[in-house]
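**Student:** Here is a sequence together with a model predicted from it:
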There are 2 protein chains.
Amino acid sequence: MSRITIHDVSKAAGVSIKTVSRVLNSEPNVRSETRARVLKLVEELNYHPSLSARSLAGRSSNLIGLIYQNPSANYVVDLQKGALERCHTRGYRLLVHPCEGTDVSSVRDLAGLVLESHLDGVILAPPLSDSTEVLAELQKHRIRFVRIAPTVDLDAYSCVFMNDVAAAREMTEYLIALGHERIGFINGPPGHPVTEQRYLGYTLALRSHGLDVDPQLVDRGEFTFDSGLAAARRLLSRATRPTAVFASNDDMAAGTIMAAHEMGLSIPQRLSVAGFDDSYVAQVIWPRLTTVHQPTYEMAHQAADMLFRSLGDEAPPKSVEIPYRMVCRESTGPRPTN
Amino acid sequence: MSRITIHDVSKAAGVSIKTVSRVLNSEPNVRSETRARVLKLVEELNYHPSLSARSLAGRSSNLIGLIYQNPSANYVVDLQKGALERCHTRGYRLLVHPCEGTDVSSVRDLAGLVLESHLDGVILAPPLSDSTEVLAELQKHRIRFVRIAPTVDLDAYSCVFMNDVAAAREMTEYLIALGHERIGFINGPPGHPVTEQRYLGYTLALRSHGLDVDPQLVDRGEFTFDSGLAAARRLLSRATRPTAVFASNDDMAAGTIMAAHEMGLSIPQRLSVAGFDDSYVAQVIWPRLTTVHQPTYEMAHQAADMLFRSLGDEAPPKSVEIPYRMVCRESTGPRPTN
DNA sequence: GCCCGCATAGACAGCGCTGTCAATCAAACG
DNA sequence: CGTTTGATTGACAGCGCTGTCTATGCGGGC
């Protein structure tokens, strides 16, 4: 059973291969009755055009890449789901490419992917969306891309983002409204796009409510559970222990909850904990985590959509903001009255 | 800056394109000095052969597919990591394909992928590795595949697996050794390959220690957190409440821990909980979960390896067993003495 | 009746490689 | 010295499509 090609379809339909090609690509100037006949044969013969041949002969490969460098499985999977869903409806395939970093060999790797696979475009997830090396490499090869949650050169290229500053601020204000005044913060790693933004939101909220930013209440992790656990242990052992901790992502918030359990601090009675992302872990730990829902799926979906639009003739909107959503669960409560 | 092709390299090296092709594909009969010259030019010109052209002209596309249908993000990511790592060293690209199910349209989708993309082979993750529809479709198109954790036709095709029965049995025996006699079990969905196996391990352990399998102590979920939570609520509300619950995956075990928290049952003092998989969630919930480490990464890695070997001339081993590992943490303890 | 314009369709080159087969050359053999 | 052999290399077709150019048919305006 050898492969069915466009020739088989054209012979069966009694037309030239070019006409079959026109039908497949929804090009104009085909009589509707011819079109119907071809489509019928395509169906009957179970014909699937070869992507290799298409990308070799034409301008498009119907392949896009999703480039990420992220330790959080749930984030990556949400990203993939969003992009895949959109790819599916548009007839594209998705090549996933976890990028080690922004060192020379990783960037070369990325270039290799782009060159070998004829990618039509790529979606860049943070923190790669801010990497000048990666951006330069993509531009060198004239590859279209859409960035997710970038923080630099916002206007230069298409991107999808959410307002991390406002979200972090709103969460902090929520904690303040609960009566908390000593609110700890676990920051992300320096250099990561969202790190500064979430911290900024935290400080803005404090200041606008007349509270000082106490360096003793701020620690730092790497957006991982273990680093959050370590940071929380330090934070909660300080003389002036916070009554609430806002961790700048859910994994670190989960670490904070673990630290509190270890120290016998009941949540939320003696310590409130808030996270950021609304990842899977937020819903399965006890108590369930108050957090900010980051619309990862929607962002990837939108990013893919913008990419496809820019691959067509439409000029896509330069940037799209996706709304976040506060999710209040049981890990936060009023300030303990001691 | 247009694309560098094999012609550019051949001109620069003063050889024919065929010789460049030979060098790139490590074919014999090229003088080592010619080979060196070509390789030097490839490097200098930053030449990357077009995968489309290769797959169109040759027998191989250097593309393999990873087909899964799994709700658990961590499982999927581990699978991808394992497969990607191996692909990388072998110069292959990975197309990920989440398959909705085994209905007609999903199978057509899969066939479309295979036909359009010229996949050299695919890796099938459970529960698809047991789907006769999927297997038939792949065979129809003569696609090589390696199955992960199949339970049927083990000898018919290459596969990678772990001993779920032994693992479930060992975990149950561990609970028995802790003194538990009323050990609840949360089963997976019927039809999923591992469901029967883990349940079998559970019953074997009970029987071999003179304990009855009490249907009142067995409930069922869908391998998701919510379904595990629901099952645990039912299980823990029964008149003869178990002193330990063995959930057949970690997500459902996390649900069980949540249910225990809801009911004020302290773990492991009044209830022991064990899971299966050692997924991310097992390490971040409180108390941390006693579970069986499923070597997902290694299985995917091995599966990719076997696939590549079977694409070459080597006859790969029919099936490979990867060892599991018990991971004892704080969610299990001695039977409460009441 | 003639020409133009548009809708429809086909012929054909060629995308960048690999597979096949033929050509060349040096060493080895009788 | 002619001939065979094996190593090395190249010429060329063709994989399955798309892009470009050309051909044909048909209706309308003069």
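**Tutor:** Sure, I can see it. Residues are numbered from 1 along each chain as shown, chains lettered A, B, ... in the order given.
**Student:** Run through the residues of chain A sitting next to DNA strand C.
**Tutor:** A:14-19, A:28-31, A:34, A:53, A:56-57 (Cβ under 7 Å from any atom of the strand). The C-beta positions use only the backbone N, C-alpha and C, and glycine is treated the same way.
**Student:** B:L66: which of these is nearest?
**Tutor:** A:A53 (23.7 Å; Cβ to Cβ).
**Student:** Just the C-alphas of the helix or strand where that closest one lies, formatted as CSV.
**Tutor:** Here A:A53 sits within helix A:51-57, counting by DSSP states H and E. What follows is helix A:51-57 as a C-alpha-only set of coordinates in CSV (Å, rounded to 0.1, in the frame of the first residue of the first chain):
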residue,chain,number,x,y,z
LEU,A,51,3.9,18.4,4.4
SER,A,52,7.5,17.9,3.3
ALA,A,53,6.6,18.4,-0.4
ARG,A,54,4.5,21.4,0.5
SER,A,55,7.2,23.1,2.5
LEU,A,56,9.8,22.3,-0.1
ALA,A,57,7.8,23.6,-3.0
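**Student:** Remind me what that helix packs against, helices and strands.
**Tutor:** Secondary-structure packing of helix A:51-57 (3 or more Cβ pairs under 8 Å, 6 or more residues apart in numbering or on different chains; DSSP states H and E): helix B:51-57, helix B:104-117.
**Student:** pLDDT value on A:G312, please?
**Tutor:** Note on A:G312: pLDDT of 81.
**Student:** If you could redo that for A:T102, that was the one I meant.
**Tutor:** Per-residue confidence (pLDDT) for A:T102: 84.
**Student:** For the stretch 151-300 of chain A, just list every one of the helices.
**Tutor:** A:164-177, A:193-208, A:225-237, A:250-262, A:280-284, A:296-311 (DSSP state H, counting those that start in this stretch).
**Student:** Looking at those helices, spot the one closest to B:V165.
**Tutor:** helix A:280-284 (27.2 Å).
**Student:** which residues of chain A score low on pLDDT?
**Tutor:** A:1, A:338 (pLDDT under 70).
**Student:** Tell me which of the helices of the stretch 151-300 of chain A is the most buried.
**Tutor:** Highest mean neighbour count of those: helix A:250-262, a mean of 26 (counted as mean count of other Cβ atoms under 10 Å in any protein chain shown).
**Student:** Any idea how many residues pack against A:P336?
**Tutor:** When counting by other Cβ atoms under 10 Å in any protein chain shown, one arrives at 16 neighbours for A:P336.
**Student:** Verify the contact between it and A:T243 for me.
**Tutor:** Yes - A:P336 is within contact range of A:T243, at 6.0 Å (criterion: Cβ atoms under 8 Å).
**Student:** Spit out the residues that contact those two alike.
**Tutor:** Common contacts of A:P336 and A:T243 (Cβ atoms under 8 Å, 6 or more residues apart in numbering or on different chains): A:R270.
**Student:** OK, now which residue of the stretch 101-250 of chain A is nearest to chain B?
**Tutor:** A:L115 (3.8 Å; Cβ to the nearest Cβ).
**Student:** Check the gap between the residue lying closest to that residue once chain neighbours are set aside and DNA strand D for me.
**Tutor:** Nearest residue to A:L115, sequence neighbours excluded (Cβ to Cβ, 6 or more residues apart in numbering or on different chains): B:H48, at 3.8 Å. Distance from B:H48 to DNA strand D, counting by Cβ to the nearest atom of the strand, to the nearest Å: 18 Å.
**Student:** Next up, the contacts around A:E262.
**Tutor:** So A:E262 contacts A:R233 (Cβ under 8 Å, 6+ apart).
**Student:** wait, does stretch A:61-80 contact DNA strand D?
**Tutor:** No - figure legend: stretch A:61-80 not in contact with DNA strand D (Cβ under 7 Å from any atom of the strand); closest approach 9.2 Å.
**Student:** so how far does that stretch reach from one end to the other?
**Tutor:** 19 Å (Cα to Cα, to the nearest Å).
**Student:** just stretch A:63-83 next, same as before
**Tutor:** So stretch A:63-83: terminal residues 12 Å apart, Cα to Cα.
**Student:** can you pull the buried residues of that stretch?
**Tutor:** Buried residues in stretch A:63-83, counting neighbours by 16 or more other Cβ atoms under 10 Å in any protein chain shown, are found at A:63-70, A:72-83.
**Student:** max-length helix in chain A?
**Tutor:** Selection of the longest helix in chain A by residue count, based on DSSP state H, yields helix A:73-90.
**Student:** ok, residues contacting that helix?
**Tutor:** The contact list for helix A:73-90 (Cβ under 8 Å, 6+ apart) reads A:64, A:66, A:68, A:70, A:92-94, A:96, A:98, A:123, A:125, A:148, A:277, A:279-281, A:296-305, A:308, B:73-74, B:76-78, B:96, B:98, B:280.
**Student:** for stretch A:212-230, same thing?
**Tutor:** With Cβ under 8 Å, 6+ apart as the test, stretch A:212-230 has contacts from A:71-72, A:182-190, A:192, A:199, A:202-203, A:206-207, A:231-232, A:234-235, A:238, A:240, A:242, A:247-249, A:251-256, A:258-259, B:280, B:283-284.
**Student:** which one of the helices of the stretch 151-300 of chain A lies closest to B:L271?
**Tutor:** helix A:250-262 (16.3 Å).
**Student:** quick one, that closest one and helix A:225-237 angle?
**Tutor:** Relative orientation of helix A:250-262 versus helix A:225-237 (axes from the mean of the first three to the mean of the last three Cα atoms, to 10 degrees): 50 degrees.
**Student:** Just the C-alphas of helix A:250-262, formatted as PDB.
**Tutor:** The C-alpha coordinates for helix A:250-262 follow below in PDB (Å, rounded to 0.1, in the frame of the first residue of the first chain):
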ATOM      1  CA  ASP A 250       2.500  28.900  43.200                       C
ATOM      2  CA  ASP A 251       5.400  26.500  43.500                       C
ATOM      3  CA  MET A 252       7.100  28.700  45.900                       C
ATOM      4  CA  ALA A 253       3.800  29.300  47.700                       C
ATOM      5  CA  ALA A 254       3.500  25.600  48.100                       C
ATOM      6  CA  GLY A 255       6.900  25.600  49.600                       C
ATOM      7  CA  THR A 256       5.800  28.300  52.000                       C
ATOM      8  CA  ILE A 257       2.800  26.200  53.000                       C
ATOM      9  CA  MET A 258       5.100  23.300  53.600                       C
ATOM     10  CA  ALA A 259       7.400  25.400  55.800                       C
ATOM     11  CA  ALA A 260       4.400  26.600  57.800                       C
ATOM     12  CA  HIS A 261       3.300  23.000  58.300                       C
ATOM     13  CA  GLU A 262       6.900  22.100  59.500                       C
END
